[in-house]
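# one predicted model, sequence on top.
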Amino acid sequence: MTRKPAPKVARKLDVAAPTTKCCASCGKDRPVAKFLPSRFVADGFIDTCKTCTYANADSDRRQRETRKRPAGGVAVAATESPLRRKAW
């Protein structure tokens, strides 16, 4: 008589929640309250602190704005392309 293998059950690890975490961007050790939550990371928080995350978002936003503006200073809509205009 052979035994059936036990069914695999996902178990949560009984590990105490961390109180601090090191930011991957600035390298500072900060309390976990300074990190945004994420369900995709094992400890439940993204790897960069809120300060660095918001600074990166502002920088990215400014770069997008400058790419939209041609040398004349007039902003072009992101969906408007000079190649798609009809000449009629």
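Nice, thanks for sending it over.
# C-alpha coordinates for the longest strand along the chain, CSV please?
Longest strand in the chain, counting residues (DSSP state E): strand 45-49. C-alpha atoms of strand 45-49 as CSV (Å, rounded to 0.1, in the frame of the first residue of the first chain):
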residue,chain,number,x,y,z
PHE,A,45,6.1,47.6,0.2
ILE,A,46,7.8,49.0,-2.9
ASP,A,47,11.6,49.3,-2.9
THR,A,48,11.8,53.1,-3.1
CYS,A,49,10.6,55.5,-0.4
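# who's in contact with it?
21, 23-26, 28, 30, 32, 34-38, 41, 53, 56 (C-beta atoms under 8 Å, 6 or more residues apart in numbering). Every residue, glycine included, has its C-beta placed from N, CA and C.
# let me see the mean pLDDT of it.
Strand 45-49 carries an average pLDDT of 94.
# could you do stretch 21-31 as well?
94.
# returning to what we had before: out of the contacts of strand 45-49, which end up buried?
Buried members of those, scored by 16 or more other C-beta atoms under 10 Å, are Lys21, Cys23, Arg30, Lys34, Phe35, Thr53.
# could I get those as a markdown table with distance to Glu65?
Below are the buried ones among the contacts of strand 45-49 laid out as a markdown table (distance: C-beta to C-beta, whole Å):
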| residue | distance to Glu65 |
| --- | --- |
| Lys21 | 32 |
| Cys23 | 26 |
| Arg30 | 30 |
| Lys34 | 28 |
| Phe35 | 27 |
| Thr53 | 19 |
